[in-house]
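A.B. asks: next comes the sequence, and after it the predicted model I'd like to discuss.
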Amino acid sequence: MYLHLGQNVVVSERDVIGFFDLDNTTSSFITRKFLKNAQESGLVSSASDELPRAFILCSNESNTEIHLSQLSTQALVKRIGEI
């Protein structure tokens with residue numbers, strides 16, 4: 001099954017490692033450093049032109065990706081529950 005993250009960005013449900021709320025997680029130095037390093041490595045993509053509320057960590061056999069989404073973590077969890 002697939003999960004729609006916004007603006008035509010779709011990921012496989014089995015590739016999703018976790019949903020993380022940006023307001024809560026970016027208060028940690030380690031998370032900010034992780035996201036900064038990922039962005040510098042080109043692993044971060046945006047699923048919206050709006051202010052992101054969550055990031056989604058995805059990984060499969062060939063690569064790791066981080067998607068920024070305007071959807072809340074609650075909305076993403078609800079979407080995955082409806083699949």
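C.D. replies: Cool, got the structure.

A.B. asks: who touches L71 in this structure?
C.D. replies: Contact analysis of L71 by Cβ atoms under 8 Å, 6 or more residues apart in numbering lists L5, G6, R53, A54, R79. All C-beta spots, glycine's among them, are computed from the backbone N, C-alpha and C.

A.B. asks: lowest pLDDT pick from these?
C.D. replies: Ranked by pLDDT, those bottom out at G6 (85).

A.B. asks: where does the chain have low pLDDT?
C.D. replies: For the chain, the stretches flagged by pLDDT under 70 are 82-83.

A.B. asks: okay, the helix or strand hosting G81 in CSV with CA atoms only?
C.D. replies: According to DSSP states H and E, G81 maps onto helix 73-82. In CSV, the C-alpha atoms belonging to helix 73-82 read as follows (Å, rounded to 0.1, in the frame of the first residue of the first chain):
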residue,chain,number,x,y,z
THR,A,73,1.6,13.3,12.5
GLN,A,74,-1.9,12.5,13.6
ALA,A,75,-3.2,13.0,10.1
LEU,A,76,-0.5,10.8,8.7
VAL,A,77,-1.2,8.0,11.2
LYS,A,78,-4.9,8.2,10.4
ARG,A,79,-4.1,7.9,6.7
ILE,A,80,-2.0,4.9,7.3
GLY,A,81,-4.7,3.3,9.4
GLU,A,82,-7.2,3.8,6.6
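
A.B. asks: what's in contact with that helix?
C.D. replies: The contact list for helix 73-82, computed with Cβ under 8 Å, 6+ apart, reads 3-5, 13, 16, 19-21, 53-54, 56, 69, 71.

A.B. asks: ok, I66 - contacts?
C.D. replies: Contacts of I66 by Cβ under 8 Å, 6+ apart are L35, A38, L43, V44, S45, F55, I56, L57, C58.

A.B. asks: which residues of this structure fall in strands?
C.D. replies: Using DSSP state E, the strands found in the chain span residues 2-6, 9-12, 16-21, 44-46, 54-59, 64-69.

A.B. asks: name the helices or strands packed onto the fifth one?
C.D. replies: It refers to strand 54-59. strand 9-12, strand 16-21, helix 22-25, strand 64-69, helix 73-82 (3 or more Cβ pairs under 8 Å, 6 or more residues apart in numbering; DSSP states H and E).
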